[in-house]
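Peer 1: no sequence for this one, just the structure:
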């Protein structure tokens, strides 16, 4: 299995703290040593860093940790390979263009016998995850050739997620830069940080941050992760079937499918 | 205007030497300070690094220079902005998926009044370059919904390039990972290095490499650049209308349109 990391914020925010925690799980405090990737939206642009090696030993990961990238939407992933060999082409997150926007997707889980017919989008690699992403975007494109809001899209997203879930485990994060969507099939946790900010202590590394010193009183930052990244804060654990839609750090819709 | 860098090789080759030369032109020995990008094919995967700042000062560029990435096809670009503000979203190379392959494109030049109708692919940013790339891929997709060889594609590529060229300056590099295509509208140079290898001296930095020590006798590596990157080797200067198609470092087709 793999681990997911997502962020939605109302101001460009650096995710250095959470990223540092996640990277430890890629071969040091966790077994997810088969590659990692992280995508940062920067305006309409998307900055993607990936490496098909253990994140705790990756040169690219070290660079990302030291280079201050501020973003309002981030999707990250560390991989423990099941379907598809360890290779750059099989490394999450995956990216495609739809409606003149970069869409980004990462998946935690495994789908069995998932062979969708050829759609508009085709996988480049061998993972069930990229196949599901391509199928999802092809479905969206068929229903909505032109741009609609995340709220309008929701019923179709949920139908698709519910159908993938019948094939196995399907925890995912999806964004087009405007919003961040999550679906929990088995495991996902979330925390929203806002004033009054306090200190946070990583579970996986000896690192504490005082968010009060790093933020302004109006900042709202939500972080989603497969497992809580800190051990002195209260994370909300998502239930199987629970989904959320985030914009500017705030939850704009949430619910649970059967 | 901008500068292009391309590489096609028969073995995974590191482009550190040429990249170092190009990066100097991004704000030090050249005026191309509005961003840079480089894409490396790694098997079917594509590794893209970009930064909308001067390459000679970019932290990401420093990392790429120190991190040994070996590839058989590379496309790089440094930008001197004309259409589209300086932003990540307007930074070359651009990437889209077609036929389950990552396609990569970089452009040097400017097209005037270029507003193609909406096709399969839509630009995310504001550049004429990305609009031309999307138009080109949409044309290809219309003619060839499924994978064909570079040779089969050529007449359509050349038609498209010839039509863009009527709108302005259109020097470009394009690849799907299998082959590298170039089109010269005004300026492009190329060198193919093979045994017996010798030393090369960068024009833009005090750096010499002895390719004999870095290669095996069977290596064939072609580098394309807007202007020659070394001053002790014989580069071939492309003529207006000249195009080339490369596979594994060797030219598999070349010609000139009117």
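Peer 2: In hand now; what should we look at? Since this is a predicted model, take the numbers as computed values, not measurements.
Peer 1: need the contact list for residue A:180.
Peer 2: A:6, A:7, A:8, A:73, A:75, A:173, A:174, A:222, A:224, A:245, A:246, A:247 (C-beta atoms under 8 Å, 6 or more residues apart in numbering or on different chains). C-beta coordinates here come from the backbone N, C-alpha and C atoms, glycine included.
Peer 1: Check residue A:23 too.
Peer 2: The contact partners of residue A:23, by C-beta under 8 Å, 6+ apart, come to A:36, A:55, A:56, A:58, A:61, A:65, A:78.
Peer 1: before we move on, the earlier item: from the contacts of residue A:180, which is closest to chain B?
Peer 2: residue A:73 (13.4 Å; C-beta to the nearest C-beta).
Peer 1: Show me what secondary structure element comes after the helix or strand of chain A with the lowest mean pLDDT.
Peer 2: Scoring the helices and strands of chain A by mean pLDDT, DSSP states H and E places helix A:59-66 at the bottom, with a mean of 84. Downstream of helix A:59-66, the next assigned helix or strand under DSSP states H and E is strand A:70-78.
Peer 1: Whichever residue of the stretch 101-250 of chain A sits closest to chain B sits in which helix or strand?
Peer 2: Residue nearest to chain B within the stretch 101-250 of chain A: residue A:122 (3.7 Å; C-beta to the nearest C-beta). Of the helices and strands defined by DSSP H and E, none includes residue A:122.
Peer 1: Can you tell me which of the contacts of residue A:23 are buried?
Peer 2: Neighbour counting with 16 or more other C-beta atoms under 10 Å in any protein chain shown marks A:36, A:55, A:56, A:58, A:61, A:78 as buried within these.
Peer 1: The fifth one contacts residue A:36, correct?
Peer 2: Yes. Shown here, residue A:61 and residue A:36 form a contact pair, counting by C-beta atoms under 8 Å, at 6.5 Å.
Peer 1: Mutual contacts of the two, please.
Peer 2: In contact with both residue A:61 and residue A:36: A:23, A:26, A:51, A:55, using C-beta under 8 Å, 6+ apart.
Peer 1: out of those, which are inside strands?
Peer 2: residue A:51 (DSSP state E).
Peer 1: and which of the shared contacts of residue A:61 and residue A:36 is nearest residue A:118?
Peer 2: residue A:51 (29.9 Å; C-beta to C-beta).
Peer 1: Residue A:37 versus the closest one, what's the distance?
Peer 2: According to C-beta to C-beta, to the nearest Å, residue A:51 stands 8 Å off from residue A:37.
Peer 1: In terms of neighbours, single out the busier of the two.
Peer 2: residue A:37 (25 against 22; other C-beta atoms under 10 Å in any protein chain shown).
Peer 1: Point out the residues in the stretch 101-250 of chain A that sit beside chain B.
Peer 2: Residues of the stretch 101-250 of chain A found near chain B (C-beta under 8 Å from any C-beta of the partner chain) are A:101, A:102, A:120, A:121, A:122, A:123, A:124, A:125.
Peer 1: Not counting its neighbours along the chain, what's nearest the first one?
Peer 2: By that I understand residue A:101. Take residue A:101 and drop its neighbours on the chain: the residue closest to it by C-beta to C-beta, 6 or more residues apart in numbering or on different chains is residue A:176, 4.5 Å away.
Peer 1: State the phi and psi torsions of the one you found.
Peer 2: The phi and psi values for residue A:176, taken as degrees, to the nearest 10, are phi -120, psi 20.
Peer 1: Residue A:161 too?
Peer 2: Backbone torsions of residue A:161, given as degrees, to the nearest 10, read phi -60, psi -40.
Peer 1: thought it was touching residue A:243?
Peer 2: Yes. Judged on C-beta under 8 Å, residue A:161 makes contact with residue A:243 at a distance of 6.9 Å.
Peer 1: Overlap of the contact sets of these two?
Peer 2: Overlap of the contact sets of residue A:161 and residue A:243 (by C-beta under 8 Å, 6+ apart) consists of A:183, A:257.
Peer 1: Residue A:10 versus residue A:220, what's the distance?
Peer 2: In terms of C-beta to C-beta, residue A:220 sits 5 Å off from residue A:10.
Peer 1: swap in residue A:252?
Peer 2: Taken as C-beta to C-beta, the span from residue A:252 to residue A:10 is 12 Å.
Peer 1: pLDDT weak spots in the stretch 151-258 of chain A?
Peer 2: Within the stretch 151-258 of chain A, no range satisfies pLDDT under 70.
Peer 1: Overlap in contacts, residue A:51 and residue A:37.
Peer 2: Listed as contacting both residue A:51 and residue A:37 by C-beta under 8 Å, 6+ apart are residue A:91.
Peer 1: just how off-centre is the helix or strand containing residue A:159 within its chain?
Peer 2: Element membership of residue A:159 [criterion: DSSP H and E] is helix A:150-165. Mean C-alpha position of helix A:150-165 versus that of the full chain (C-alpha atoms, centre = their mean, to the nearest Å) differs by 16 Å.
Peer 1: ditto for stretch A:230-238
Peer 2: In terms of C-alpha atoms, centre = their mean, the centre of stretch A:230-238 is set 17 Å apart from its chain centre.
Peer 1: So in terms of bridging, what pairs with the closest residue to residue A:17 other than its chain neighbours?
Peer 2: Nearest non-adjacent residue to residue A:17, counting by C-beta to C-beta, 6+ apart: residue A:209, 4.8 Å away. The partner list for residue A:209 in beta bridges (DSSP bridges) reads residue A:200.
Peer 1: surely residue A:33 meets residue A:80?
Peer 2: Yes. Residue A:33 is within contact range of residue A:80, at 7.2 Å (criterion: C-beta under 8 Å).
Peer 1: who's in contact with the least confident helix or strand of chain A?
Peer 2: A:16, A:19-20, A:23, A:26, A:36, A:38, A:49-51, A:55, B:59-60, B:63, B:66-67.
Peer 1: Which of those residues sits closest to residue A:181?
Peer 2: Closest to residue A:181, out of all of these and judged by C-beta to C-beta, is residue A:38, at 17.5 Å.
Peer 1: wait, what's in contact with that closest one?
Peer 2: Shown in contact with residue A:38 (C-beta under 8 Å, 6+ apart): A:5, A:15, A:19, A:48, A:49, A:50, A:64, A:74, A:75, A:76, A:77, A:93.
Peer 1: what's the helix or strand for it?
Peer 2: strand A:36-42.
Peer 1: same question, residue A:108
Peer 2: Since the elements are taken from DSSP H and E, residue A:108 ends up inside strand A:101-111.
Peer 1: buried stuff in that strand?
Peer 2: Burial within strand A:101-111, assessed by neighbour count using 16+ other C-beta under 10 Å, is assigned to A:101, A:102, A:103, A:104, A:105, A:106, A:107, A:108, A:109, A:110, A:111.
Peer 1: Can you pick out the most distant pair from those?
Peer 2: Between any two of the buried residues of strand A:101-111 (C-beta to C-beta), the greatest distance is 28.1 Å, for A:101 and A:110.
Peer 1: residues in contact with stretch A:247-258?
Peer 2: A:8-10, A:72, A:150-151, A:154, A:158, A:161-162, A:178-180, A:192, A:194, A:219-222, A:239, A:241-246.
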